[in-house]
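Engineer: sharing a sequence plus its predicted fold:
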Amino acid sequence: MEVFFLSLLLIFVLSVSVGLHLLFYKHRSHFTGPNLPPGKIGWPMIGESLEFLSTGWKGHPEKFIFDRIYRYSSEVFKTCLLGEPAAVFAGAAGNKFLFSNENKLVQAWWPSSVDKIFPSSNQTSSNEEAKKMRKLLPQFLKPEALHRYIGIMDHIAEKHFADSWDNRNEVLVFPLAKRFTFWLACRLFMSIEEPDHVAKFEKPFHVLASGLITVPIDLPGTPFRRAITASNFIREELSCIIKKRKIDLAEGKASQNQDILSHMLFATDEDGRNMNEMEIADKILGLLIGGHDTASAAITFLVKYLAELPHIYQKVYEEQMEIANSKAPGDLLNWDDVQKMRYSWNVACEVMRLAPPLQGAFREAMTDFVFNGFSIPKGWKLYWSANSTHKNAECFPEPENFDPTRFEGAGPAPYTFVPFGGGPRMCPGKEYARLEILVFMHNVVKRFKWDKLLPDEKIIVDPMPMPAKGLPVRLHPHKP
């Protein structure tokens, strides 16, 4: 009997050993080949993902990049992220290569969780869906449309501050920034403006956004399962909105150029086919994420730095009050007003350099190629990092110092300042984001000064930068 159990134990140990050996062999087989970049591949499936993520959780995502640049004496290195063999391209040369070779040598790539949360992308891929979206957006983001949005943004900002800031001694900035940008997105994308209607989407939307880039484990209580549940709820609500809009369009109560929802209902593909309701709902969802998440992070850190740097605040205040004093009572901001906010935008750019809302993004190698003398195999994932240039002293001298003058004149060298990406995949909503950030700046500084209640509040990057406690501030309203 003892021999029997001993035999079973030996078989079990051998099975586990063989299984682990095969797992390690398969993991390492993805990283074999001549002249690959230097680097470590970490554990099977996990790779170096935990260290990559944990440096962000600790508030210093650039540490993962700079530690390896120093260790390997190379601005391109191999690793394993999110279960995929990967190469990190750091520095301006890496940015230029990836941005310039979009859809030639590299293409966009998202984790599998994105495809699972957006069902319509299962019919093609999230990459193909993104290409379709980029063809739809120019009509919505053309200059004459953007000019028209400024007054709407200012109107929403005034309502937002009246509802959530005025007559309060203290506020939490990050949740309010998200509320403001989400309200704007609902108004401009779907003509939804009533606060109660916006609030119906707000909470489930934030659940969806927080679970989008997570390990796709579909079990009760996981962020991924909560994101899928929230996505299904929002999609059902959007379906009702789409059906109603179709009726309003048929009855002449809405117009084709009213907003991007109407535009999508009339848009056709190369074969003359209209999108179905699920496709439209998924695209509106994607726009809501892209149209408010990054801007709300930028706005939050703008408030943070203006609290910490009173001399910068004073210059912004003087510029904005000169514009405010030139307006008649009740007049809303217009395009000419925004063009006068040069110093304010330089300040916003310096905020996004130090705390980039978009930390970086993944690409996928479409074919084998060589970069900086290293071979990159087809199928490898490629990651570019904004911090690899934003916090690099060769690109920005004394990078930890807050200095808006970096953006005067010709500004930073090409491919060094990349808060919106670059090349063919530069964020198409860059100008939209500029407008909503500047409209917020105008409205907040003309009303208040403020102090941080937590001077040493921790910053977390997951995947965007955010204050751990939401950035509580004490408001000091200006005297009339």
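Structural biologist: Here it is on my side, so go on.
Engineer: CA only for contacts and neighbour counts going forward, please
Structural biologist: Noted.
Engineer: low-confidence ranges, the stretch 151-300 of the chain, go.
Structural biologist: In the predicted model, the stretch 151-300 of the chain carries pLDDT under 70 at residues 213-215, 269-270, 291.
Engineer: spell out the residue ranges of the strands in it.
Structural biologist: 170-172 (DSSP state E, counting those that start in this stretch).
Engineer: which stretches of it form helices?
Structural biologist: 173-190, 195-210, 223-250, 260-266, 277-308 (DSSP state H, counting those that start in this stretch).
Engineer: and of these, who's closest to E102?
Structural biologist: Taking CA to CA, helix 277-308 is the member of the helices of the stretch 151-300 of the chain nearest to E102, at 19.8 Å.
Engineer: just confirm K78 is within a strand.
Structural biologist: Yes. Assessed by DSSP: H, G, I helix; E, B strand; the rest coil, K78 belongs to a strand.
Engineer: per-residue pLDDT, it?
Structural biologist: We note a pLDDT of 92 for K78 in this prediction.
Engineer: over to E84: give its phi and psi.
Structural biologist: Main-chain torsions, E84, degrees, to the nearest 10: phi -120, psi 140.
Engineer: and the one 4 residues further on, by the same measure?
Structural biologist: Backbone dihedrals for V88, given as degrees, to the nearest 10, come out at phi -100, psi 130.
Engineer: now swap in N35 and tell me
Structural biologist: Dihedral angles for N35 - degrees, to the nearest 10 - are phi 60, psi 40.
Engineer: and the helices of the stretch 151-300 of the chain as TSV, adding mean neighbour count?
Structural biologist: As requested, the helices of the stretch 151-300 of the chain are arranged in TSV below (neighbours: other CA atoms under 10 Å):
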stretch	mean neighbour count
helix 173-190	22
helix 195-210	16
helix 223-250	17
helix 260-266	19
helix 277-308	21
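Engineer: mind putting those into a markdown table with distance to P85?
Structural biologist: Converted to a markdown table, the helices of the stretch 151-300 of the chain look like this (distance: least, CA to CA, whole Å):
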| stretch | distance to P85 |
| --- | --- |
| helix 173-190 | 34 |
| helix 195-210 | 25 |
| helix 223-250 | 23 |
| helix 260-266 | 37 |
| helix 277-308 | 27 |
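Engineer: look at the nearest residue to L306 once chain neighbours are set aside and give its secondary structure.
Structural biologist: Distances taken as CA to CA, 6 or more residues apart in numbering put Y313 closest to L306, at 5.1 Å, once the chain neighbours are dropped. Classification of Y313 by three-state DSSP places it in helix.
Engineer: how many residues are close by Y313?
Structural biologist: 20 (other CA atoms under 10 Å).
Engineer: shouldn't it be in contact with V303?
Structural biologist: No. Y313 is beyond contact range of V303, at 9.4 Å (criterion: CA atoms under 8 Å).
Engineer: and of the helices of the stretch 151-300 of the chain, who's closest to W57?
Structural biologist: Comparing these by CA to CA, helix 195-210 comes nearest, at 14.0 Å.
Engineer: put the alpha carbons of the closest one into CSV.
Structural biologist: Only the C-alpha atoms of helix 195-210 are listed here, as CSV (Å, rounded to 0.1, in the frame of the first residue of the first chain):
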residue,chain,number,x,y,z
PRO,A,195,-28.5,66.3,-15.1
ASP,A,196,-30.8,63.4,-14.1
HIS,A,197,-30.5,61.7,-17.5
VAL,A,198,-26.7,62.2,-17.5
ALA,A,199,-26.5,60.8,-13.9
LYS,A,200,-28.3,57.6,-15.0
PHE,A,201,-25.3,56.8,-17.2
GLU,A,202,-22.5,58.2,-15.0
LYS,A,203,-22.0,55.5,-12.3
PRO,A,204,-22.2,52.4,-14.6
PHE,A,205,-20.0,54.2,-17.1
HIS,A,206,-17.2,54.7,-14.5
VAL,A,207,-17.5,51.0,-13.6
LEU,A,208,-17.1,50.1,-17.2
ALA,A,209,-14.1,52.4,-17.7
SER,A,210,-12.3,51.1,-14.6
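Engineer: so E251 versus M190, what's the distance?
Structural biologist: From E251 over to M190 the distance is 18 Å, taken as CA to CA, to the nearest Å.
Engineer: L219 now?
Structural biologist: Taken as CA to CA, the span from L219 to M190 is 33 Å.
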